[in-house]
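S.K.: My questions concern the predicted model and sequence given below.
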Amino acid sequence: MTSTAQAPQPGARTAHPDHLGHVIFIAAAAAMGGFLFGYDSSVINGAVEAIRSRYDVGSAALAQVIAIALIGCAIGAATAGRIADRIGRIRCMQIAAVLFTLSAVGSALPFALWDLAFWRVIGGFAIGMASVIGPAYIAEVAPSAYRGRLGSFQQAAIVIGIAISQLVNWGLLNAAGGDQRGKLMGLEAWQVMLGVMVVPAVLYGLLSFAIPESPRFLLSVGKRERAREILAEVEGKDIDLNARVAEIEHAMKSEHKSTFKDLLGGGFFFKPIVWVGIGLSVFQQFVGINVAFYYSSTLWQSVGVDPTDSFLYSFTTSIINIVGTVIAMIFVDRVGRKPLALIGSVGMVVGLALEAWAFSYDLVGGKLPATQGWVALIAAHVFVLFFALSWGVVVWVFLGEMFPNRIRAAALGVAAAAQWIANWAITASFPSLADWNLSGTYVIYTVFAALSIPFVLKFVKETKGKTLEEMG
């Protein structure tokens with residue numbers, strides 16, 4: 001999604017909209033894709049054991065069904081930028097909303113395991129599109145003074161989506177008498193869990209008709225007056241609109257839309273800044289965060305927790321996720337992106353190391369010893385808290401901001417695709433790794449959390465307070 005301009009005009013950095021509430025609504029509506037991203041990603045948590053039972057599959061095959069959606073995510077992320085540059089950000093959102101709806105219906109009514117996997121790929125494609133279009137659109141419409149906080153809406157929506165999916169799953173499980181395969185509305189409970197996503201998917205599509213197109217896209221297709229109107233709407237009428245439009249148009253005349261070829265150069269195939277974006281995406285996933293949202297119910301049941309309680313713990317973890325995200329939204333523009341990332345990395349190392357220690361003990365009567373059980377539960381919440389107040393938010397903010405204008409679209413697509421591939425690697429490997437050695441699995445995640453600290457210190461540059469046009 002190309003957004004181009006030269007050095008910012010005076011006042012651009014301090015532009016304030018006349019109606020901040022309206023800008024907040026625009027960002028929140030765009031972030032509804034993030035809500036669906038979170039909901040669709042984690043709702044499967046409530047269906048894992050039911051799918052294993054209904055289709056009689058082992059851990060490896062089950063993991064592929066769960067993780068296959070992430071292949072769709074990677075494809076959707078890699079292509080969303082080009083789609084959005086051709087037909088606009090809003091149309092891209094509407095396509096994603098349709099795909100989310102189709103996926104929800106298809107996943108709720110599968111006639112075979114491969115059919116379920118197919119609809120999960122379709123949903124994954126929509127998630128991948130939402131993962132790119134959300135932060136990029138918000139970055140393009142948000143005044144720079146508020147961009148960090150508004151950019152955080154994407155992650156806030158994701159974690160709320162995760163929490164709501166776990167709450168809905170818990171409620172449906174109780175309605176079905178604690179049985180994931182219990183009957184509800186003529187279907188098994190897990191099918192209803194997957195089908196409920198139709199509601200937010202339709203809402204996302206409706207909201208996309210209520211928000212304006214990105215002014216940068218409008219200028220790229222020659223709709224200058226409409227772009228001026230939207231710039232005044234989101235940045236305030238006191239700014240020099242002629243200067244802001246000229247600023248963006250000047251660069252557009254001399255720059256082409258970003259392509260994969262633009263990312264090449266320097267050592268090791270890609271430009272260094274692209275590798276930094278890929279590194280942020282990979283580290284965000286390799287700490288094992290999505291194990292907490294895809295497999296937490298199965299994880300707690302594997303160490304002796306009652307199924308209904310395991311669903312409740314999944315929900316409380318999601319609440320902690322929201323609390324951490326709110327903390328990040330408060331501080332991302334105050335202390336900066338880089339300090340938050342470092343604080344989070346340290347906290348994640350502690351939480352993951354304690355989980356690894358707790359899971360190293362043998363089960364007694366099918367359960368962890370009491371002390372280790374409580375340590376595992378508390379440490380899991382600590383890990384999620386520190387992830388949420390740091391990497392969960394700052395990576396999305398970084399990816400929306402850090403790349404130079406001329407490569408932003410393609411670089412964001414590659415970084416997001418790398419994130420989904422890394423997510424797939426963790427998701428597909430966890431059941432087999434857990435069967436091998438659950439404690440050892442968490443040691444691996446701890447090592448990646450520790451390695452993220454020198455990575456941030458050495459390679460990541462702060463983007464706090466800079467306009468998009470200052471990125472290069």
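M.R.: In hand now; what should we look at? Numbering: from 1, shown residues only.
S.K.: Next secondary structure after the host helix or strand of Phe383?
M.R.: In the assignment (DSSP states H and E), Phe383 maps to helix 370-388. Counting by DSSP H and E, the next helix or strand C-terminal to helix 370-388 is helix 391-401.
S.K.: counting contacts, what elements does that next one pack onto?
M.R.: helix 113-141, helix 147-175, helix 272-286, helix 307-331, helix 337-359, helix 408-459 (3 or more Cβ pairs under 8 Å, 6 or more residues apart in numbering; DSSP states H and E). (Glycine included, C-beta is placed from N, CA and C.)
S.K.: Mind giving me the packing neighbours of the fourth one?
M.R.: Helix 307-331 is packed against helix 147-175, helix 291-294, helix 296-302, helix 370-388, helix 391-401, with contacts defined by 3+ Cβ pairs under 8 Å, 6+ apart.
S.K.: Switch the ones you listed over to CSV; also include mean pLDDT, mean neighbour count and distance to Gly413.
M.R.: Shown next, in CSV, are the helices and strands packed on helix 307-331 (pLDDT from 0 to 100; neighbours: other Cβ atoms under 10 Å; distance: least, Cβ to Cβ, whole Å):
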stretch, mean pLDDT, mean neighbour count, distance to Gly413
helix 147-175, 85, 24, 16
helix 291-294, 80, 24, 24
helix 296-302, 77, 23, 30
helix 370-388, 91, 21, 24
helix 391-401, 86, 27, 10
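S.K.: what's the closest of those to Val48?
M.R.: Evaluated over those, closeness to Val48 peaks at helix 296-302, with 5.1 Å, by Cβ to Cβ.
S.K.: Format the CA atom coordinates belonging to the closest one as CSV.
M.R.: Only the C-alpha atoms of helix 296-302 are listed here, as CSV (Å, rounded to 0.1, in the frame of the first residue of the first chain):
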residue,chain,number,x,y,z
SER,A,296,-4.4,-23.6,25.8
SER,A,297,-7.5,-25.7,26.6
THR,A,298,-5.7,-28.9,25.3
LEU,A,299,-2.5,-27.8,27.2
TRP,A,300,-4.3,-27.5,30.6
GLN,A,301,-6.3,-30.7,30.1
SER,A,302,-3.0,-32.5,29.3
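S.K.: Check the offset of that helix from the chain's centre.
M.R.: 23 Å (Cα atoms, centre = their mean, to the nearest Å).
S.K.: And stretch 440-460, by the same measure?
M.R.: 19 Å.
S.K.: same thing with stretch 87-102?
M.R.: That offset, for stretch 87-102, works out to 17 Å (Cα atoms, centre = their mean).
S.K.: Could you check it and say which residues are buried?
M.R.: Across stretch 87-102, burial judged by 16 or more other Cβ atoms under 10 Å covers 88-97, 99-102.
S.K.: Among these, name the ones in strands.
M.R.: In strands, defined here by DSSP state E, there are no members of the buried residues of stretch 87-102.
S.K.: Mind checking which of those residues are in helices?
M.R.: Of these, the ones assigned to helices by DSSP state H are 89-97, 99-102.
S.K.: Next up, the contacts around the nearest residue to Ile453 once chain neighbours are set aside.
M.R.: Nearest non-adjacent residue to Ile453, counting by Cβ to Cβ, 6 or more residues apart in numbering: Ser345, 4.7 Å away. Each residue near Ser345 by Cβ atoms under 8 Å, 6 or more residues apart in numbering is listed here: 390-391, 449-450, 452-453, 456.
S.K.: What count of nearby residues applies to Trp357?
M.R.: Other residues within reach of Trp357, judged by other Cβ atoms under 10 Å, total 17.
S.K.: wait, I meant Ser318
M.R.: Ser318, neighbours per other Cβ under 10 Å, totals 27.
S.K.: Wait, it touches Val159, no?
M.R.: Yes - with contact defined as Cβ atoms under 8 Å, Ser318 reaches Val159; the gap is 6.9 Å.
S.K.: Turn the helices and strands packed on helix 391-401 into CSV, including distance to Ile68.
M.R.: Below are the helices and strands packed on helix 391-401 laid out as CSV (distance: least, Cβ to Cβ, whole Å):
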stretch, distance to Ile68
helix 113-141, 5
helix 147-175, 19
helix 272-286, 16
helix 307-331, 21
helix 337-359, 26
helix 408-459, 8
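S.K.: Which of those helices sits closest to Tyr295?
M.R.: Ranking the helices and strands packed on helix 391-401 by their distance to Tyr295 (criterion: Cβ to Cβ) puts helix 408-459 first, at 5.8 Å.
S.K.: Which helix or which strand is home to the spatially closest residue to Ala428 that is not a sequence neighbour?
M.R.: Once flanking residues are discounted, Ala428 sits nearest to Ala67: 3.9 Å by Cβ to Cβ, 6+ apart. Using DSSP H and E, Ala67 maps to helix 59-87.
S.K.: Packing partners of that helix?
M.R.: Using 3+ Cβ pairs under 8 Å, 6+ apart: helix 59-87 touches helix 48-55, helix 89-108, helix 113-141, helix 215-220, helix 408-459.
S.K.: Between helix 59-87 and the second one, find me the angle.
M.R.: In other words, helix 89-108. With axes from the mean of the first three to the mean of the last three Cα atoms, to 10 degrees defining the directions, helix 89-108 sits at 150 degrees from helix 59-87.
S.K.: Who are the packing partners of helix 89-108?
M.R.: helix 32-43, helix 59-87, helix 113-141, helix 189-195, helix 198-207.
S.K.: redo that, cut-off 6 Å
M.R.: Judged by 3 or more Cβ pairs under 6 Å, 6 or more residues apart in numbering; DSSP states H and E, helix 89-108 is in contact with helix 113-141, helix 189-195, helix 198-207.
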